[in-house]
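Novice: With the sequence up front, the predicted model follows.
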Amino acid sequence: MTYTIGIIGGTGKEGKGLAYRWAKAGHKVLIGSRAEEKALAAAADLKALLPVEAHVEGMNNAAAVQQCDIAVLTVPFAAHAETLHGLKDALQGKILIDVAVPLNPPKVTRVSMPPEGSAAQQAQSILGEGVQVVAAFQNISYEHLLKDEQVACDVLVCGTGKEARQTVINLARDAGLTAWDAGVIENAVVVEGLTSVLIGLNIQHKVGSAGIKITGISE
């Protein structure tokens, strides 16, 4: 099944990486930004890397959300709550994939969760029951996504509703990634917190893309 996917704040490296993978898999991708010109430029950059039949458009965040089937939030956590408040009405009835991690620079190797428990729970609190929030892709380095290579890192998917989680798992597979149902949205605290651990490992071992792999289960 193909979707129209709107990436909120999609001009950053993570957003562009996911957009590349999904557009290559045949989904229609809308790159959103607060500044439309940035979104148009990001879309042009991606089109230069993709087959001619791939569909990528740039537009402002509100237009991307209004036109999409599934929204993906890739803004820095500092802009997380403000962005969600501004798009709350347009997101109703949709799945929101929240990729945000509540990092607290410069102490990015220390887990720092908001009062709600995690970024995904903060999103659910702001948006209400009319939006199915699913946390995913926090532990995948953007360095892998814009390259045509196999990614040796797994995606943990947790959020509101098993059907919504399965939809996101399928999208991860479309992007060439291995994904697992990690349960309810309360479990996002673990998934998001792992990012600080992985950043610390990257620093210690002077690498750029440490990840996680689930073992002991047949795919």
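Specialist: Nice, thanks for sending it over.
Novice: Show me the strands in this protein, by range?
Specialist: If you assign secondary structure with DSSP state E, the strands in the chain sit at 4-8, 28-33, 55-60, 70-73, 95-98, 132-135, 154-159, 178-181.
Novice: mind putting those strands in CSV, mean neighbour count, distance to residue 114 and mean pLDDT included?
Specialist: Bear in mind the C-beta positions are built from the backbone N, C-alpha and C, glycine included. Conversion of the strands of the chain to CSV gives the following (neighbours: other C-beta atoms under 10 Å; distance: least, C-beta to C-beta, whole Å; pLDDT from 0 to 100):
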stretch, mean neighbour count, distance to residue 114, mean pLDDT
strand 4-8, 27, 18, 98
strand 28-33, 28, 23, 98
strand 55-60, 20, 26, 98
strand 70-73, 26, 14, 98
strand 95-98, 27, 12, 98
strand 132-135, 28, 13, 98
strand 154-159, 25, 16, 97
strand 178-181, 17, 24, 97
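Novice: Redo the ones you listed as a markdown table? Include distance to residue 209.
Specialist: Formatted as a markdown table, these follow (distance: least, C-beta to C-beta, whole Å):
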| stretch | distance to residue 209 |
| --- | --- |
| strand 4-8 | 21 |
| strand 28-33 | 23 |
| strand 55-60 | 24 |
| strand 70-73 | 20 |
| strand 95-98 | 21 |
| strand 132-135 | 20 |
| strand 154-159 | 13 |
| strand 178-181 | 15 |
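Novice: Grab the most central residue of the protein for me.
Specialist: Centre of the chain computed as the mean C-alpha position; nearest residue by C-alpha atoms, centre = their mean is residue 99, 3.5 Å away.
Novice: of all the strands of the chain, which lies closest to residue 167?
Specialist: Comparison of the strands of the chain against residue 167 by C-beta to C-beta identifies strand 95-98 as nearest, at 6.2 Å.
Novice: quick one: that closest one to chain centroid distance?
Specialist: Taking C-alpha atoms, centre = their mean, to the nearest Å, the mean C-alpha location of strand 95-98 is offset from the chain mean by 8 Å.
Novice: And stretch 135-155, by the same measure?
Specialist: Using C-alpha atoms, centre = their mean, the distance between the centre of stretch 135-155 and that of its chain works out at 11 Å.
Novice: rewinding a little: out of the strands of the chain, which gets nearest to residue 144?
Specialist: For the strands of the chain, proximity to residue 144 was assessed by C-beta to C-beta; strand 154-159 is nearest, at 11.4 Å.
Novice: Contacts for the closest one next, please.
Specialist: Counting contacts by C-beta atoms under 8 Å, 6 or more residues apart in numbering, the residues outside strand 154-159 that touch it are 98, 120, 132-137, 139-140, 165, 168-169, 172, 177-188, 190-191, 194, 211-214.
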